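Peer 1: heads up, no residue letters with this:
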């Protein structure tokens with residue numbers, strides 16, 4: 001391998017992001033034109049870029065509305081693009097969700113609704129059920145993000161408090177035909193969990209949502225508990241006749257991104273091994289476990305010979321205990337670095353493919369064998385930074401942050417460990 005380790009790692013990350021660009025994957029999955037109208041709706045960090053890809057390739061008339069994160073706008077001429085807040089929702093998202101539901105009501109069986117869904121859609125479509133307010137949704141989102149709940153658990157709660165999610169958007173489109181194009185950002189690629197499944201039947205229940213709230217000790221308003229306990233928050237279930245004929249197409253997913261990164265490594269003469277595309281858990285625990293695997297490879301060439309790259313995806317979580325500027329990818333990387341303890345010959349990168357790790361507009365960071373040494377030289381204690389959930393502060397001080405700006409896609413976390 002002649003390429004510098006940091007350069008190879010960044011090329012792999014860029015290849016993973018590029019593999020999920022809507023301009024590449026949307027045109028292959030466009031449906032045939034309907035007899036009636038085409039209405040385009042959608043939500044997520046990639047939804048504006050998806051909408052542009054539809055406009056560029058669609059031969060006939062269309063109209064619609066999609067909502068994306070602030071800074072992720074891609075100009076469209078026929079589809080209205082609304083920007084809103086993520087991960088904590090705001091009034092712009094609320095109004096967009098309300099307008100979207102109005103747009104799809106009253107359609108006929110000859111009409112087609114093309115729904116463009118990607119990660120981030122849960123926060124971007126915060127239309128609450130009757131009796132709840134945007135403020136209630138904001139409070140619940142903040143509590144869920146800090147609780148350490150998995151993405152599946154968070155989305156289960158969200159589905160049972162929403163007037164859009166859990167199949168409700170598709171039910172509102174009935175009897176029009178609905179085709180959903182999805183870019184997955186969740187472990188397992190379940191349509192129910194991507195943006196909390198606005199066009200997918202939901203097998204979970206209000207009781208499941210209550211159990212998650214209790215399990216993580218989340219404090220919610222009495223009216224939220226009442227809505228769940230009464231069953232009034234029940235979502236649209238699989239088999240509901242309003243969902244008959246829903247056509248869901250997964251057009252990009254974490255596995256595709258990992259395979260693209262693996263090709264970059266192999267082209268550079270480094271064997272690549274994909275450990276999994278759906279790895280979950282506390283970010284620091286996953287980092288410690290991955291350090292153990294990397295050490296075994298480096299010392300004993302088990303289960304893989306060196307040199308090699310270990311690739312993985314999924315969505316780790318952080319239970320916030322400190323006041324630092326954290327995010328699951330940098331928390332993973334900091335824990336990995338602490339556990340490796342400056343092991344020579346091991347480099348790593350971790351980043352969110354949407355360009356935003358946690359609450360920061362920073363995708364992730366790069367770890368090198370001298371990361372800890374450089375931190376100590378600056379008076380920064382790695383273990384203290386980890387205890388404070390301050391991964392971004394740690395890597396930014398060293399100049400090792402990975403900043404991409406809006407990537408206009410989202411196929412979850414990307415991790416690569418290079419062992420030489």
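Peer 2: All right, it came through fine. Just so you know, these numbers come straight off a predicted model, no measurement behind them. Residues are numbered from 1 along each chain as shown.
Peer 1: and stretch 46-58, what's buried?
Peer 2: 46-55, 58 (16 or more other Cβ atoms under 10 Å). Quick note: C-beta positions are derived from backbone N, CA and C, even for glycine.
Peer 1: doesn't residue 321 belong to a strand?
Peer 2: No. Counting by DSSP: H, G, I helix; E, B strand; the rest coil, residue 321 falls outside a strand, being coil.
Peer 1: okay, buried residues for the helix or strand containing residue 312 please.
Peer 2: Following DSSP states H and E, the helix or strand that holds residue 312 is strand 308-317. By neighbour count on 16+ other Cβ under 10 Å, the buried set for strand 308-317 is 308-317.
Peer 1: for the residues you listed, which one is nearest residue 148?
Peer 2: residue 317 (5.3 Å; Cβ to Cβ).
Peer 1: wait, isn't that closest one in contact with residue 150?
Peer 2: Yes. Between residue 317 and residue 150 there is a contact under Cβ atoms under 8 Å: 6.1 Å.
Peer 1: okay, and the common contacts of those two?
Peer 2: Common contacts of residue 317 and residue 150, defined by Cβ atoms under 8 Å, 6 or more residues apart in numbering, comprise residue 280.
Peer 1: give me every residue that touches the residue nearest to residue 195 when sequence neighbours are not counted.
Peer 2: Leaving aside its chain neighbours, residue 195 sits nearest to residue 121 (2.6 Å; criterion: Cβ to Cβ, 6 or more residues apart in numbering). By Cβ under 8 Å, 6+ apart, the residues touching residue 121 are 42-44, 47, 194-196, 198.
Peer 1: which of those are buried?
Peer 2: Here, 16+ other Cβ under 10 Å leaves 42-44, 47, 194-196, 198 buried among the contacts of residue 121.
Peer 1: just give me the closest of those to residue 327.
Peer 2: residue 44 (18.8 Å).
Peer 1: out of the buried residues of stretch 46-58, who's nearest residue 126?
Peer 2: Residue 126 lies nearest to residue 47 out of those, by Cβ to Cβ, at 14.9 Å.
Peer 1: give the contact list for the closest one.
Peer 2: 66-68, 116-118, 121, 124.
Peer 1: and it, backbone torsions?
Peer 2: phi -70, psi -40 (degrees, to the nearest 10).
Peer 1: pLDDT score for it?
Peer 2: pLDDT for residue 47: 97.
Peer 1: same thing with residue 101?
Peer 2: For residue 101, the predicted pLDDT is 98.
Peer 1: element containing it, please.
Peer 2: helix 91-104.
Peer 1: give me the angle between the helix or strand that that helix is followed by and helix 91-104.
Peer 2: Going down the chain from helix 91-104, the next helix or strand is strand 112-118, by DSSP H and E. In terms of direction (axes from the mean of the first three to the mean of the last three Cα atoms, to 10 degrees), strand 112-118 departs from helix 91-104 by 160 degrees.
Peer 1: tell me the strands beside strand 112-118, with direction?
Peer 2: strand 38-43 (parallel), strand 177-183 (parallel) (DSSP bridges).
Peer 1: what's the closest of those strands to residue 75?
Peer 2: Nearest of those (Cβ to Cβ): strand 38-43, 14.8 Å.
Peer 1: now that closest one, how far from the centre of its chain.
Peer 2: Mean-position distance between strand 38-43 and its chain equals 20 Å (Cα atoms, centre = their mean, to the nearest Å).
Peer 1: any idea which helix is longest in this protein?
Peer 2: helix 283-300 (DSSP state H).
Peer 1: and stretch 277-294, which residues are buried?
Peer 2: 277-284, 286-288, 290-291, 293-294.
Peer 1: quick one: which of the residues you listed is nearest residue 5?
Peer 2: Nearest to residue 5 among those, counting by Cβ to Cβ, is residue 294 at 13.4 Å.
Peer 1: just the buried ones among the contacts of residue 121 now: which is nearest residue 302?
Peer 2: residue 194 (36.1 Å).
Peer 1: so that closest one touches residue 182, yeah?
Peer 2: Yes. Residue 194 lies in contact with residue 182 (Cβ under 8 Å); the separation is 5.3 Å.
Peer 1: mutual contacts of these two, please.
Peer 2: Residues touching both residue 194 and residue 182 (Cβ under 8 Å, 6+ apart) are 117-118.
Peer 1: which residues touch the closest residue in space to residue 216 that isn't next to it in sequence?
Peer 2: The shortest distance from residue 216 to any non-neighbouring residue, by Cβ to Cβ, 6+ apart, is to residue 147 (4.1 Å). For residue 147, the contact set (Cβ under 8 Å, 6+ apart) comprises 216-218, 319.
Peer 1: could you point out the helix or strand that follows the one helix or strand residue 210 maps to?
Peer 2: According to DSSP H and E, residue 210 maps onto helix 206-215. Later in the chain than helix 206-215, the nearest helix or strand by DSSP H and E is helix 222-230.
Peer 1: that next one to helix 206-215, inter-axis angle?
Peer 2: Using the same axes, to 10 degrees, the direction of helix 222-230 lies 130 degrees away from that of helix 206-215.
Peer 1: now the helices for the stretch 251-400 of the chain?
Peer 2: For the stretch 251-400 of the chain, applying DSSP state H, counting those that start in this stretch gives helices covering 254-267, 283-300, 328-340, 371-377, 382-387, 391-397.
Peer 1: any idea which of those is most buried?
Peer 2: Of all the helices of the stretch 251-400 of the chain, helix 328-340 carries the top mean neighbour count, a mean of 28, counting by mean count of other Cβ atoms under 10 Å.
Peer 1: who are the packing partners of it?
Peer 2: Helix 328-340 is packed against helix 283-300, strand 308-317, strand 346-352, strand 364-367, helix 371-377, helix 382-387, helix 391-397, strand 413-419, with contacts defined by 3 or more Cβ pairs under 8 Å, 6 or more residues apart in numbering; DSSP states H and E.
Peer 1: what angle sits between it and strand 346-352?
Peer 2: Orientation check (the same axes, to 10 degrees): helix 328-340 against strand 346-352 gives 160 degrees.
Peer 1: just want the angle from helix 328-340 to helix 283-300.
Peer 2: 40 degrees.
Peer 1: quick one, helix 328-340 and strand 308-317 angle?
Peer 2: Calculated by the same axes, to 10 degrees, helix 328-340 forms an angle of 130 degrees with strand 308-317.
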